[in-house]
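Trainee: Sequence below, structure please.
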Amino acid sequence: MPDLAAEVMGPTNTAEAVLDRLEEYFQAGVRLVWVVLPRHGKGYVYESPTSVRILQVGDDLDGGAVLPGFRLSLAELFGDEGQPAAEG
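Mentor: A predicted model of the protein is given here:
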């Protein structure tokens with residue numbers, strides 16, 4: 001099992017399905033899970049099923065203890081797609 005898992009949410013993903021996979025990842029021994037929502041410009045960094053950091057454009061995604069020294073800005077990751085949809 002890898003130490004890191006990443007999920008990119010698309011329009012057909014449900015929150016329930018992602019939460020189910022999170023549980024499965026951690027039960028299998030994954031140490032870090034990234035869930036990214038490009039449409040909303042957010043990233044969720046899970047170190048356990050109940051420990052989460054919420055990131056947004058302007059923040060950096062980092063590898064923590066799993067990938068020491070790894071950093072990627074969410075703005076760079078998302079590009080133009082990382083801008084939340086205008087409400088109106």
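
Trainee: Show me the longest helix that occurs in this protein.
Mentor: Ranked by residue count, the top helix of the chain under DSSP state H comes out as helix 15-28.

Trainee: Please point out which parts of that helix sit buried.
Mentor: Val18, Arg21, Leu22, Tyr25, Phe26 (16 or more other C-beta atoms under 10 Å). Using the backbone N, CA and C atoms, a C-beta is placed for each residue, glycine as well.

Trainee: repeat for stretch 38-57
Mentor: Neighbour-count burial for stretch 38-57 [16+ other C-beta under 10 Å]: Pro38, Gly41, Lys42, Gly43, Tyr44, Val45, Tyr46, Leu55, Val57.

Trainee: Output stretch 1-10 as CSV - backbone C-alpha positions only.
Mentor: Extracted C-alpha coordinates of stretch 1-10, given in CSV (Å, rounded to 0.1, in the frame of the first residue of the first chain):
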residue,chain,number,x,y,z
MET,A,1,0.0,0.0,0.0
PRO,A,2,1.3,3.5,-0.8
ASP,A,3,2.0,6.1,2.0
LEU,A,4,0.1,8.7,0.0
ALA,A,5,-3.2,8.6,-1.9
ALA,A,6,-4.7,11.5,-3.9
GLU,A,7,-8.3,11.9,-5.0
VAL,A,8,-9.4,14.5,-7.6
MET,A,9,-13.1,15.3,-7.3
GLY,A,10,-15.0,15.5,-10.5
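
Trainee: in the protein, which residue is closest to the centre?
Mentor: By C-alpha atoms, centre = their mean, the chain has its centre lying nearest to Val35, at 2.3 Å.

Trainee: residues contacting it?
Mentor: For Val35, the contact set (C-beta atoms under 8 Å, 6 or more residues apart in numbering) comprises Ala6, Glu7, Met9, Val18, Leu22, Gly43, Tyr44, Tyr46.

Trainee: Identify, from those residues, the entry nearest to Gly64.
Mentor: Using C-beta to C-beta, Tyr46 comes nearest to Gly64 of the contacts of Val35, at 10.6 Å.
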